[in-house]
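> no letters, just coordinates:
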């Protein structure tokens with residue numbers, strides 16, 4: 001499990017739920033191309049080429065979520081699914097011109113995702129002793145239940161990888177957790 005899904009879960013605690021925009025119709029494909037800066041275009045082409053396994057200028061839409069994550073974007077599954085990716089490999093391909101409007105739409109949507117500092121402020125709300133700790137069980141509950149919920153095995157994996165040991169009161173220091181989760185370590 002990637003930490004990006006956990007970040008998405010935590011981010012959604014402070015982000016109001018907005019209805020998902022519909023995927024652009026095929027006739028609109030390429031119209032948002034102008035919204036992609038030259039710097040972003042270079043990154044997009046690089047990532048797109050990595051997922052173009054055959055070197056034919058096409059990427060399997062099955063890998064759409066992975067492609068966004070390779071571009072350091074953390075869209076929700078709901079956002080990814082609005083572009084109707086294939087559920088199996090080899091069913092539906094897209095070229096770069098097909099992907100660019102998706103990229104532009106997702107970039108606008110994820111722009112409001114939280115920063116490390118915002119996550120610190122958020123978890124301070126659960127710091128009852130005002131000493132940089134929170135209950136391990138509360139963090140586990142947040143990840144399992146709020147925002148885009150994670151499965152138990154995903155939560156277990158994230159907590160095992162990123163979370164320091166609980167103290168005798170069942171609390172953890174949340175700063176080391178966030179540093180690992182956000183790649184600040």
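Cool, the structure landed. The shown structure was predicted, so the numbers you read here are calculated from the model rather than taken from an experiment.

> so which helix or strand takes in the spatially most central residue of the chain?
For the chain, residue 74 is the residue whose C-alpha lies nearest the centre (CA atoms, centre = their mean; 2.0 Å). Secondary structure assignment for residue 74, by DSSP states H and E: no helix or strand.

> doesn't residue 110 make contact with it?
Yes: judged on CB atoms under 8 Å, residue 74 makes contact with residue 110 at a distance of 6.2 Å. (Glycine included, C-beta is placed from N, CA and C.)

> ok, and the closest non-adjacent residue to residue 178?
residue 119 (5.3 Å; CB to CB, 6 or more residues apart in numbering).

> that neighbour reaches residue 177, doesn't it?
No: if you go by CB under 8 Å, residue 119 and residue 177 don't touch, sitting 9.5 Å apart.

> for residue 87, which non-adjacent residue is closest in space?
residue 62 (7.3 Å).

> how much space separates the one you found from residue 74?
19 Å (CB to CB, to the nearest Å).

> residue 149 too?
Distance from residue 149 to residue 74, by CB to CB: 15 Å.

> sec struct for the residue sitting furthest away from the middle of the chain, please.
What lies farthest from the middle of the chain is residue 168; by CA atoms, centre = their mean that is 33.0 Å. Three-state call for residue 168 (DSSP: H, G, I helix; E, B strand; the rest coil): coil.

> need the per-residue pLDDT for it.
You'll see residue 168 listed with a pLDDT of 94.

> what's the distance between it and residue 123?
20 Å.

> and residue 87, by the same measure?
Taken as CB to CB, the span from residue 87 to residue 123 is 35 Å.

> residue 145 too?
Where residue 123 is concerned, residue 145 sits at a distance of 15 Å (CB to CB).

> show me the contact partners of the helix or strand where residue 141 lies.
If you go by DSSP H and E, residue 141 is part of helix 136-145. The contact list for helix 136-145 (CB atoms under 8 Å, 6 or more residues apart in numbering) reads 6, 9-10, 13, 123, 126, 149-150, 152, 154-155, 158-159, 163, 166, 170-172, 174, 177.

> whichever helix or strand comes after that helix - what's its average pLDDT?
Once helix 136-145 ends, the next helix or strand along the chain (criterion: DSSP H and E) is helix 152-162. Averaged across helix 152-162, pLDDT comes to 91.

> in its sheet, what does the next helix or strand after helix 152-162 sit against?
Where DSSP H and E defines the elements, the next helix or strand beyond helix 152-162 is strand 171-173. Strand 171-173 pairs in its sheet with strand 133-135 (antiparallel), by DSSP bridges.
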